[in-house]
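Engineer: pasting the structure only:
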Ligand code: CA
């Protein structure tokens, strides 16, 4: 079943860590996202942390001080994989315990405040690393608006292929090149062929793009040969991050047939460092996107009333761009597009159940990304390919610069948050990456 809100989501809860109570702060006590950090500039072993306000809770230090029960032992690791494997009951218990000790009025507050240097790190002093050791990374294509836009560039008369509304389309990505927010992304070299050229050539991509996506970390996996029923899909989902699936459109255009994306996609994928848990998202669950009349119903193995009623996530998304010229002039980044994750054609649960439906074994730490999140409106297109219609309609930025695709030095920033009447807004943090020049 999909999680229901509990007392950890109570909007009246405040933390004794004052910064967490600032209105609009991404990490109030109702959020408690998990990540991996170490003190910036140090070579210390990475640790499991929980973000609250401008602090990071050292989970294992809190366990050693006996503020948390044995369930926190799953955090005694340099990545989240042990915790991911521990399963949903462990996650919920740990969240409840963290909420108890961090809330205003906790009988631990005074003691913990006295031991602040041992139990917390200022977020400003931390380097955030990849949340998990990612064994496998899969990228879906779950926005019908993205699929329709991209399809219509190549097949104006028949944009959506006949399988789209029946089967969640995806491909196996590359786990080794998934990097945390802030990692520079090298402009890739590759083989391309201009439509008018006689033959292909090899060199730096000239059509470098980003893709706004949401990724889910898999918790407990399934045995090889055994499927995961849609009714249990959410038990296997730990939480979500923002994902930028960097894409070289010129390399992609030449290589993608007949087997799909390869070197156009696998040179880098950036993820935001804080995993916002499915537990934290409970108040923001919404019905899965209603299918327009005439669309086929999903097959039974992708259908479940709970998933239809609460399978969506009311997550608002934004893409921002900061160019080198904007940085030089001291200007803030410019908003390129907005998106809503609630508008996806397939839910994360359907993607996971479909992925395992043939017996493919998922494992703790696997990353499942949604595909580009685009909406029906022009300002909801989640990549430059769509926003500039393959470069034909360049964007004009506030300072007068134009962009068809990304230039060297451009920094792409993804942001996301959930809000709902009567609930405390929670944020995803940021997913940042700047393009560094060619080799
Ligand atoms: Ca993608």
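Structural biologist: Arrived safely, thanks for sending. Small disclaimer: the values here were computed from a predicted structure and weren't measured.
Engineer: Based on its surroundings, how many neighbours for the residue in the stretch 101-250 of the chain that the ion sits nearest to?
Structural biologist: Here the stretch 101-250 of the chain gets closest to the ion at one residue, residue 245, 3.7 Å apart by CB to the ion. Placement of C-beta: from N, CA and C, glycine included. For residue 245, the count of nearby residues is 27 (other CB atoms under 10 Å).
Engineer: quick one, what contacts the nearest residue to it once chain neighbours are set aside?
Structural biologist: Distances taken as CB to CB, 6 or more residues apart in numbering place residue 211 nearest to residue 245, at 4.0 Å, with adjacent residues excluded. In this structure, residue 211 makes contact with 243, 244, 245, 246, 247, 371, 372, 382, 383, judged by CB atoms under 8 Å, 6 or more residues apart in numbering.
Engineer: Which members of these are the farthest-apart pair?
Structural biologist: Of all pairs drawn from these, the greatest distance, 14.1 Å, lies between 246 and 371 (CB to CB).
Engineer: The ion contacts on the stretch 51-200 of the chain?
Structural biologist: Within the stretch 51-200 of the chain, the positions lying close to the ion (CB under 5 Å from the ion) are residue 139.
Engineer: can you pull out the strands in the stretch 51-200 of the chain?
Structural biologist: Taking DSSP state E, counting those that start in this stretch, the strands of the stretch 51-200 of the chain run over residues 55-58, 120-122, 126-129, 137-140, 170-172, 178-180, 185-186, 189-192.
Engineer: Save the ones you listed as JSON lines, and put in mean pLDDT and mean neighbour count too.
Structural biologist: As requested, the strands of the stretch 51-200 of the chain are exported to JSON lines (pLDDT from 0 to 100; neighbours: other CB atoms under 10 Å):
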{"stretch": "strand 55-58", "mean pLDDT": "98", "mean neighbour count": "23"}
{"stretch": "strand 120-122", "mean pLDDT": "98", "mean neighbour count": "19"}
{"stretch": "strand 126-129", "mean pLDDT": "98", "mean neighbour count": "19"}
{"stretch": "strand 137-140", "mean pLDDT": "98", "mean neighbour count": "23"}
{"stretch": "strand 170-172", "mean pLDDT": "97", "mean neighbour count": "16"}
{"stretch": "strand 178-180", "mean pLDDT": "98", "mean neighbour count": "20"}
{"stretch": "strand 185-186", "mean pLDDT": "98", "mean neighbour count": "20"}
{"stretch": "strand 189-192", "mean pLDDT": "98", "mean neighbour count": "18"}
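Engineer: Let me have those strands in a markdown table, extended by distance to residue 239.
Structural biologist: Below are the strands of the stretch 51-200 of the chain laid out as a markdown table (distance: least, CB to CB, whole Å):
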| stretch | distance to residue 239 |
| --- | --- |
| strand 55-58 | 16 |
| strand 120-122 | 21 |
| strand 126-129 | 15 |
| strand 137-140 | 16 |
| strand 170-172 | 20 |
| strand 178-180 | 15 |
| strand 185-186 | 24 |
| strand 189-192 | 33 |
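Engineer: Run through the residues that contact the residue of the stretch 101-250 of the chain closest to the ion.
Structural biologist: Going by CB under 8 Å, 6+ apart, residue 245 touches 139, 173, 210, 211, 213, 265, 269, 369, 372.
Engineer: switch the cut-off to 10 Å
Structural biologist: By CB atoms under 10 Å, 6 or more residues apart in numbering, residue 245 lies in contact with 137, 139, 173, 178, 209-213, 215, 261, 265-266, 268-271, 369-372, 382-383.
Engineer: do residue 390 as well
Structural biologist: Residue 390 makes contacts with 150, 153, 154, 207, 209, 249, 253, 384, 404, 405, as judged by CB under 10 Å, 6+ apart.
Engineer: Please list only the buried members of the residues you listed.
Structural biologist: Members of the contacts of residue 390 that pass the buried threshold by neighbour count (16 or more other CB atoms under 10 Å) are listed as 150, 207, 209, 249, 253, 384, 404, 405.
Engineer: among the residues you listed, which two are most distant?
Structural biologist: Pairwise distances across the buried ones among the contacts of residue 390 peak at 16.0 Å for 150 and 404 (criterion: CB to CB).
Engineer: Can you list the strands that the top strand by length along the chain pairs with?
Structural biologist: Ranked by residue count under DSSP state E, the longest strand found in the chain is strand 426-436. Based on DSSP bridges, the strands next to strand 426-436 in the sheet, each with its direction, are strand 185-186 (parallel), strand 411-418 (antiparallel).
Engineer: Can you give me the buried ones in it?
Structural biologist: For strand 426-436, using 16+ other CB under 10 Å, the buried residues are 426, 427, 428, 429, 430, 431, 432, 433, 434, 435.
Engineer: Residue 173 is in contact with residue 136, isn't it?
Structural biologist: Yes - here residue 173 lies in contact with residue 136, judged by CB atoms under 10 Å, at a distance of 8.3 Å.
Engineer: Just want to know which of the two has more residues nearby.
Structural biologist: The residue with more neighbours, out of residue 173 and residue 136 and counting by other CB under 10 Å, is residue 173; that gives 21 against 18.
Engineer: and the more buried one, what is it in contact with?
Structural biologist: Neighbour list for residue 173: 134, 136-139, 243, 245, 261, 265-266, 269, 367-369 [criterion: CB under 10 Å, 6+ apart].
Engineer: now swap in residue 333 and tell me
Structural biologist: Under the criterion of CB under 10 Å, 6+ apart, the neighbours of residue 333 are 319-323, 326-327, 397-398, 411-413, 415, 432.
Engineer: Mind doing that once more with 6 Å?
Structural biologist: For residue 333, the contact set (CB atoms under 6 Å, 6 or more residues apart in numbering) comprises 320, 322, 413.
Engineer: Return the member of these nearest to residue 1.
Structural biologist: Nearest member of the contacts of residue 333 to residue 1, counting by CB to CB, is residue 413, at 35.0 Å.
Engineer: ok, and the closest non-adjacent residue to that closest one?
Structural biologist: Nearest residue to residue 413, sequence neighbours excluded (CB to CB, 6+ apart): residue 320, at 4.2 Å.
Engineer: Look up the residues forming beta bridges with that neighbour.
Structural biologist: For residue 320, the residues forming beta bridges with it (DSSP bridges) are residue 335, residue 413.
Engineer: Fine, thanks again, bye for now.
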